[in-house]
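Trainee: Okay, here's the prediction I keep looking at, along with the sequence it came from:
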Amino acid sequence: MSSNVGRRTFLKTTAAAVLAATESGSNLQAVNAQTIAKASSAAPTRLTVNGNDLTVDLDSRTTLLDALREHLQLTGTKKGCDQGQCGACTVLVEGRRINSCLTLAVMHDGQAITTIEGLGTPDKLHPLQRAFVAHDGFQCGYCTPGQIMSAAGVLDEVSRGVPSHVTRDLTAAVRLNDTELRERMSGNICRCAAYPNIVAAIRDVAGYRA
Amino acid sequence: MIGQALDRRDGTFKVTGRAAYSYERQDAGQAAHGYMVGAAVAKGRIVAIDVAMARRAPGVALVMTHQDVAPQGARDGTVAEQFARPWPVLIGDEVAFFGQPVALVVADTFEQARAAAALVVVTYATDAGAFDLAAHRGEAYTPKMAAAGFPADTCFGDLDRAMADTPVNVDVTYTTPHHFAQPMEPAACLASWNGDDLAVCVSVQGIAACRNALARTLLIAPERVHVDAAFVGGGFGSKLRLHEETVLAALASRRLQRPVKVAHTRRQVFNIAGHGPEMIHRVRLAARRDGTLLGIGHDVNMQGARREEYVEQAATVLRSLYAAPHRLTRHRVTNLDLNLGEAVRGPGEAPGLLAVESAMDELAIALDLDPIELRIRNEPDLDPERRVSFSGRRLVECMREGASRFGWAARPRRPASRREGDVLVGFGMSASIRACFQGATAAIVRMEPDGRVIVKSDMTDIGTGTLTILAQVAAGALNVPIAGVSVQLARSDLPVSAGSGGSWGASNTCNAVYRACDDLRRKVMGPASLWGREADLASEVARRFPDGVEGEGILPGMQDDPNYKEYSVNTYGANFAEVGVDVTTGEVRLRRMLGVFCAGRIVNPKTARSQVIGGMIWGVGAALHEAAHVDPRYGNFVNGDLAEYLVPVHADIPAIDAIMLDDFDDKANPLGIKGVGELGICGSGAAVANAVFNATGIRVRDFPITIEKLLPGLPVR
Ligand code: FES
Ligand code: FES
């Protein structure tokens, strides 16, 4: 959106556009909606993706996910829902996992992004990638990059002592176990339902016993 | 090679993000983005559609509606192969279901297309629709056939009399909700034209069906359509048929003479991609005191849609499962103003066995009999309705093996009798059966002079492991190292298979590949009687075939295979589940689950186990989570996204294991293989549901078993 369109106006016009699309008819709504279509502008955005410094001219409405997939040809990061409900789009931003469909690329100007392509390559697999293959932690593979990036995030969170909803003792050091793992990975849906194998793969890398 | 637990061949690509799914393909160069606009009413007419503003919006190349869409082939229910029927889009001003695409907006970027889609102003004349199955169930009609070639009704003896004459019977009504496949990759298509030739990278389960359906829709020759589905992010039935995104991408690309790609949004997957329809099941079981069944009945009334008939074969599950002289199974369809039903993983069995295997548990309770013993007492010698022998039926063994491994003997005998703190604990089991099908399939196997082997089939690998198992079959049959075998799949220039769906992909294609290897060897080595020095094959090819040599293999469809007439060919299983139910909140947690299956020879135990466990987890979802709810006022799925349509997530799924009995079904096909893609979901939900009953004493007959349905019965004294 252009800089003189505030968040408030934006939200109002969004609502109007939805009305226009669903209820139809009113010119006023249509005019408001028109504002939206125009309310885009290209902004140069600097991203460090998998260690490479890049500058991309992006429509400011572009999500981080679409910036990666459609502008940087990094299609390893998947679009499962585009609304923060499935985890297929998980990447690391400054080392922390994030649903890249829920954030605009321009909000990450100057930040470091790690995608599945940066975690390991076919010749040099990351231990998580190797474990997913060995334990058959996927079938169709569409949720897989998100699962693996999320797992990388989980291992880091645990090492930093970040508790979860199922952590019993908030004062003790956080220890990973299956229950912790399943809770922390629950934002990543696998419709092929490879869950038992995914947990086995991550457990293997985390180095604890079931 | 067959029987080895090899890692998936495409694993490295998938875990490193190098596997390119259709929307991600770069083959055609920079593609324009299409965005579909869905109808905001469920029934009515488009009175006006104003696209002027959308057309003027930045970056927009095309806005296509019913007013300017190119002529297409009409819907045609007479095309025998259901998935190859034409699927015309934007035809006329009639709206038949909520979300039906009414316009496509194409722009340079996704953001522009989405924004411009919001500027399409549609005015509707809305008609009152019928959306509620229960309210309209009385309007059901009798279809001529059920899906997959099954008769709509079967009747033997007199079930009513059996019900009146037997001392113990069950007459219960279960409901199963609208159910969605929801693969993680939303259906998508990247279309580009080169002269009169159309290339589509598309997310489908069957290549030939897609090609033919698209050709019939676009009114062009099938040879002009080139389909490629190298990687598909799951299907589960929802990618068997052509859908709007593919036709729209093709039409827009032709108009614009540039590549166009269109994907469903997740909500559009709910609106457009087809669902397993809601059903009302009446199950009747009439038994003697000793548990012998004298009568069984299954009446199913399901949602239909007027524009095409889809009769999910849910009332077929009892036909081959239990013996009883008096039998009645019937399908009825109630047309509503909702989207057309489509196959969802385990069509027929998934909802059918949920009802039937829960009712069997009710009968076991009424008889005070071990549910395994009840099933064993009604084990048939012959297929009870077709009166033919079973091929390789080992259901009893599955149940016994499962019982011993699971520790069934330690189950709580009486419902609601085991409590651990605030948690009520219960065990449940169920039996599974899944009919086997066979579809005509061709394959080519080529050996190069340097000994490399290339396997060719248009079969897809949608997560099923096809790439891996076909390499195993060829390497084994030709006695060559598997590293030297490459597999080409999922393109329309390759030999035609029956596609992925109906749990037949592995058996169809492995057998065709095996026969192609046989043919190849014959061409090189002469008649079988001269074989023996296997290692010589490659050196013979190197010596005598400077251009390499090809073998062809064909497996006939089941209609041309006498075994499928003379035998009842099925896969079988038994599921066991332990649940804990919180006595205060009613929350159900699965604690552990085991399935034991008999499914012919297993080509790759690793990938097969994954598929079966995946299916079992779908059963957990069907029992406890999944239901799409229709707003009775507007006819839309109110919970059409992945936050509100609940599917199992990591935290729902504890240790689950699956055991495959060592098996070989020589009646099924030469390799003795049967399918496993759907077996896991067949009946598994009922094991969970029966465990909930065992834990609480509460029988919920309206799936899924959610908290609000249990709470009124809790706490249990
Ligand atoms: S695509 Fe981002 S959470 Fe689903
Ligand atoms: S591997 Fe298919 S969705 Fe997870």
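Mentor: Received the coordinates, thanks. Ligands and ions are numbered 1, 2, ... in the order given.

Trainee: Give me the three-state assignment for the residue in the stretch 201-350 of chain B positioned nearest to ligand 2.
Mentor: Nearest residue of the stretch 201-350 of chain B to ligand 2, counting by CB to the nearest ligand atom: residue B:234, 4.8 Å away. Backbone N, C-alpha and C define where each C-beta goes, glycine included. Per DSSP: H, G, I helix; E, B strand; the rest coil, the secondary structure class of residue B:234 is coil.

Trainee: That one contacts residue A:139, correct?
Mentor: Yes. The pair residue B:234 and residue A:139 qualifies as a contact (CB atoms under 8 Å) at a distance of 7.4 Å.

Trainee: who touches both of these two?
Mentor: A:192, B:463 (CB atoms under 8 Å, 6 or more residues apart in numbering or on different chains).

Trainee: Show me the domain layout of chain A.
Mentor: The record's domain parsing of chain A by automatic domain parsing lists A:1-39, A:41-119, A:120-210.

Trainee: And those domains: which comes nearest ligand 1?
Mentor: domain A:41-119 (3.2 Å).

Trainee: Could you see whether chain B lies near the closest one?
Mentor: Yes. Counting by CB under 8 Å from any CB of the partner chain, contacts between domain A:41-119 and chain B involve A:59, A:61-62, A:66, A:69-70, A:73-83, A:85-86, A:88, A:115-117, A:119.

Trainee: Tell me if that domain is near ligand 1.
Mentor: Yes. Counting by CB under 6 Å from any ligand atom, ligand 1 has neighbours in domain A:41-119: A:79, A:80, A:81, A:82, A:84, A:85, A:86, A:87, A:88, A:89, A:99, A:101.

Trainee: Tell me the confidence at residue A:18?
Mentor: You'll see residue A:18 listed with a pLDDT of 40.

Trainee: Of the residues of domain A:41-119 next to chain B, just the buried ones, ChimeraX syntax please.
Mentor: In ChimeraX syntax, the buried subset of those is picked out as below (16 or more other CB atoms under 10 Å in any protein chain shown):
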select /A:59,61,62,66,69,70,74,75,76,77,78,79,80,81,82,85,86,88,115,116,117,119
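
Trainee: Just the ones of the residues of domain A:41-119 next to chain B in helices?
Mentor: A:66, A:116, A:117, A:119 (DSSP state H).

Trainee: among those residues, which are within reach of ligand 2?
Mentor: Answer for those near ligand 2: none qualify (CB under 6 Å from any ligand atom).

Trainee: Among the residues you listed, which one sits closest to ligand 2?
Mentor: Nearest member of these to ligand 2, counting by CB to the nearest ligand atom, is residue A:116, at 13.4 Å.

Trainee: Check the burial of whatever residue of chain B ends up closest to ligand 2 by counting its neighbours.
Mentor: Closest to ligand 2 within chain B is residue B:184: 3.8 Å, counting by CB to the nearest ligand atom. When counting by other CB atoms under 10 Å in any protein chain shown, one arrives at 29 neighbours for residue B:184.

Trainee: Tell me who's in contact with the residue of chain A found nearest chain B.
Mentor: As assessed by CB to the nearest CB, chain B sits closest to residue A:76 within chain A, at 1.8 Å. Contacts here follow CB under 8 Å, 6+ apart; on that basis residue A:76 touches A:115, A:116, A:117, A:145, B:16, B:17, B:18.

Trainee: ditto for residue B:52
Mentor: Counting by CB under 8 Å, 6+ apart, residue B:52 has no contacts.

Trainee: Secondary structure element for residue B:571, which one?
Mentor: strand B:567-582 (DSSP states H and E).

Trainee: Check the offset of that strand from the chain's centre.
Mentor: Relative to its chain's centre, strand B:567-582 lies at 18 Å (CA atoms, centre = their mean, to the nearest Å).

Trainee: just stretch B:92-108 next, same as before
Mentor: Worked out by CA atoms, centre = their mean, stretch B:92-108 lies 27 Å from the chain centre.

Trainee: What of stretch B:639-648?
Mentor: Distance, centroid of stretch B:639-648 to centroid of chain: 19 Å (CA atoms, centre = their mean).

Trainee: Which residues are in contact with the closest residue to residue B:310 other than its chain neighbours?
Mentor: The shortest distance from residue B:310 to any non-neighbouring residue, by CB to CB, 6 or more residues apart in numbering or on different chains, is to residue B:341 (4.4 Å). By CB under 8 Å, 6+ apart, the residues touching residue B:341 are B:274, B:275, B:276, B:277, B:302, B:303, B:304, B:305, B:310, B:312.

Trainee: Please, where are all the helices along chain A?
Mentor: Under DSSP H, chain A gives helices at A:7-23, A:27-38, A:64-66, A:116-119, A:127-134, A:144-159, A:178-184, A:195-206.

Trainee: Let me know the outermost residue of chain B.
Mentor: In terms of distance from the mean C-alpha position of chain B, residue B:543 ranks first, at 46.7 Å (CA atoms, centre = their mean).

Trainee: any idea whether it is helix, strand or coil?
Mentor: Of the three states, residue B:543 takes helix according to three-state DSSP.

Trainee: and if you look at the one 10 residues further on?
Mentor: For residue B:553, the secondary-structure state derived from three-state DSSP is strand.

Trainee: And it, how far from residue B:105?
Mentor: Distance from residue B:553 to residue B:105, counting by CB to CB, to the nearest Å: 46 Å.

Trainee: and if you look at residue B:558?
Mentor: 44 Å.

Trainee: between those two, who's got more neighbours?
Mentor: Using other CB under 10 Å, the more surrounded residue of residue B:558 and residue B:105 is residue B:105, with 30 against 20.

Trainee: which stretches of the stretch 601-717 of chain B have low pLDDT?
Mentor: B:716-717 (pLDDT under 70).

Trainee: Please enumerate the strands of it.
Mentor: B:656-660 (DSSP state E, counting those that start in this stretch).

Trainee: show me the contacts for the closest residue to residue B:177 other than its chain neighbours.
Mentor: Spatial nearest neighbour of residue B:177, excluding adjacent residues (CB to CB, 6+ apart): residue B:627 at 3.6 Å. Residues near residue B:627 by CB under 8 Å, 6+ apart: B:177, B:178, B:179, B:639, B:645, B:703, B:704.

Trainee: Now tabulate those in CSV and tack on distance to ligand 1 and neighbour count.
Mentor: Listed next are these as CSV, based on distance: CB to the nearest ligand atom, whole Å; neighbours: other CB atoms under 10 Å in any protein chain shown:
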residue, distance to ligand 1, neighbour count
B:177, 24, 21
B:178, 22, 23
B:179, 21, 30
B:639, 16, 16
B:645, 14, 24
B:703, 26, 27
B:704, 23, 23
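
Trainee: Among these, find me the one that's closest to residue A:190.
Mentor: Residue A:190 has its nearest neighbour among the contacts of residue B:627 in residue B:645, at 15.4 Å by CB to CB.

Trainee: where's that closest one relative to residue A:140, distance?
Mentor: 19 Å.

Trainee: Next: residue B:72.
Mentor: Residue B:72 sits 30 Å away from residue A:140, going by CB to CB.

Trainee: now do residue B:180
Mentor: Distance from residue B:180 to residue A:140, by CB to CB: 16 Å.

Trainee: and the residue of chain B nearest chain A?
Mentor: For chain B, CB to the nearest CB, closest residue to chain A: residue B:17, 1.8 Å.
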